[in-house]
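Peer 1: Just to be clear, the model below is a prediction. Sequence and coordinates:
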Amino acid sequence: MSTAEQIRSEIPTAEDGERLSGLILELQTKGLRITTEFERRPGGAGPSDAGMIWVEGQPLTVPVDSDFVTDTPFSLEAEDVGFGIYRDGTRVASAAPADRPKYYSMNTADGTPYWQIALMHLDSLASTVLQTCAYWGNDDQCKFCGIGVSLDSGNTVKVKRPEHLAEVAVAAKELDGAVDVTLTTGSTYGKDRGALYVGKCGKAVKEASGLPVEVQFEPPEDFSVIDKVADMGIDSLGIHVETFDPEVLAHIAPPKARTGIERYFAAWEYAVKRFGEGQVTTYVIVGMGEDPELTIEGCKRAIDIGVYPFIVPLRPVPGSLMADVVPPPADYTERIARQVAPYLIERGITADKVAAGCARCQACSPLGAIEQSMKLSASGKKLIPVKSL
Ligand code: SF4
């Protein structure tokens with residue numbers, strides 16, 4: 001049995017939830033110093049520069065390689081049995097680094113290593129099916145993104161084939177306990193922005209493995225593309241605006257700014273009708289200089305139409321245009337997440353109801369742990385607020 005199958009567990013009490021969500025926030029923003037062998041993902045899109053770790057049953061991707069990590073008070077230490085997370089030498093939590101997945105030693109019939117086709121992110125299988133983007137390397141490149149970094153490193157395949165992804169998904173499920181699949185793509189100049197190809201990959205994966213699948217793409221020119229992707233049997237859909245602050249969007253992601261935030265809302269509204277409430281998600285990256293009030297307002301408006309705003313603190317990707325930026329302070333992210341989480345709970349579209357993808361996994365966000373602790377607190381368990389360790 002894999003680490004993934006053994007470890008994910010509910011937070012037992014509201015007190016544990018408060019303590020753990022505070023720790024998760026700090027780890028996500030300050031990073032973790034590694035003194036032992038560790039499964040990590042350098043470069044790329046999504047949770048790049050990430051160590052993969054379970055902290056008291058909660059999944060976490062954590063910065064381990066960026067320059068700012070040299071200042072972190074947190075370290076991962078091997079213990080007589082298992083591992084611990086230490087803050088300035090004091091043990092603060094138990095930890096279990098992700099195993100190296102067993103399927104990483106396998107190859108396709110044409111000799112492509114499985115790990116170059118899709119990676120395990122704790123208990124989720126993930127792949128960027130088109131590792132190129134129409135905006136990469138020109139003035140339109142999103143400043144936080146690292147999609148071309150992995151490609152240049154030679155660690156991945158430029159175009160993943162549906163049948164290869166399907167083969168890897170079956171192995172990841174059977175050998176390593178993958179519970180869902182997240183497929184993203186760089187944007188294309190095509191009118192569908194790559195949606196039909198990532199959808200086709202998702203369909204092949206789902207048919208072969210039976211795992212729930214999330215696909216991610218930019219708003220297509222014609223929304224009937226969303227219908228076509230839904231008809232392929234895909235479970236969840238990510239259409240990522242990244243920020244609700246139009247000035248920051250214009251600076252950080254010019255093509256997304258040209259699409260316009262209102263167009264994202266229109267695409268989400270359309271998609272919710274096909275995928276259902278809580279199955280359509282958007283990344284909301286905080287710490288890029290945005291107005292926090294606009295951010296909270298945008299998240300609430302998205303929730304109102306059934307969209308899950310997946311709040312993540314900026315994780316500067318080495319090799320990206322924001323490589324030298326530092327993540328926001330933990331209390332900044334916490335303030336935003338704590339105003340959004342109760343709204344999600346009230347609306348009933350919490351992380352535990354998302355079928356597949358980043359919002360299901362929650363390893364890059366503090367939101368899932370905050371939701372859990374707020375639900376426990378509301379259920380009447382005595383809460384002792386502990387915000388820092
Ligand atoms: S659209 Fe932006 S974030 Fe997405 S792959 Fe292209 S450059 Fe990266």
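Peer 2: Alright, I've got the coordinates.
Peer 1: Next, please give the residue ranges for the helices of the protein.
Peer 2: Here the chain has its helices, by DSSP state H, at 3-7, 14-30, 147-153, 162-176, 195-209, 224-231, 246-252, 254-259, 261-275, 292-304, 330-347, 358-361, 367-378.
Peer 1: can you pull the buried residues of the fifth one?
Peer 2: Read that as helix 195-209. Judged by neighbour count (16 or more other CB atoms under 10 Å), helix 195-209 contains these buried residues: 195-206, 208-209. Quick note: C-beta positions are derived from backbone N, CA and C, even for glycine.
Peer 1: ditto for the longest one
Peer 2: Neighbour-count burial for helix 330-347, with 16+ other CB under 10 Å as criterion, is recorded at 330, 332-334, 336-341, 343-345, 347.
Peer 1: Residues contacting that helix from elsewhere in the structure, which ones?
Peer 2: Contact with helix 330-347 is made by 21-22, 25-26, 28-30, 277, 286-287, 292, 295-296, 299-300, 303-304, 306, 308-309, 311, 313, 350, 365-367, 370-371, 374-375, 378, 387, as judged by CB atoms under 8 Å, 6 or more residues apart in numbering.
Peer 1: Of those, which qualify as buried by neighbour count?
Peer 2: Buried subset of these (neighbour count, 16+ other CB under 10 Å): 21-22, 25-26, 28-30, 277, 286-287, 295-296, 299-300, 303, 306, 308-309, 311, 313, 350, 365-367, 370-371, 374-375.
Peer 1: which stretch among the helices of the chain comes nearest the ligand?
Peer 2: Across these, the ligand has its closest neighbour in helix 147-153 (4.3 Å, CB to the nearest ligand atom).
Peer 1: name the helices or strands packed onto that closest one?
Peer 2: Helices and strands touching helix 147-153, by 3 or more CB pairs under 8 Å, 6 or more residues apart in numbering; DSSP states H and E: there are none.
Peer 1: what about it, distance to the chain center?
Peer 2: Taking CA atoms, centre = their mean, to the nearest Å, one finds helix 147-153 lying 18 Å from the centre of the chain it belongs to.
Peer 1: can you tell if it touches the ligand?
Peer 2: Yes. Interface with the ligand: helix 147-153 contributes Ile147 (CB under 6 Å from any ligand atom).
Peer 1: One more: stretch 312-329?
Peer 2: No. Using CB under 6 Å from any ligand atom, stretch 312-329 never reaches the ligand; the gap is at least 9.0 Å.
Peer 1: per-residue confidence averaged over that stretch?
Peer 2: What stretch 312-329 shows for mean pLDDT is 91.
Peer 1: now what about that stretch, what contacts it?
Peer 2: Here stretch 312-329 makes contact (CB under 8 Å, 6+ apart) with 25, 28-30, 42-44, 47-50, 63, 65-68, 141, 143-146, 149, 152, 283-288, 330, 333, 364-366.
Peer 1: can you give me the end-to-end distance of it?
Peer 2: Stretch 312-329 has its terminal residues 12 Å apart, counting by CA to CA, to the nearest Å.
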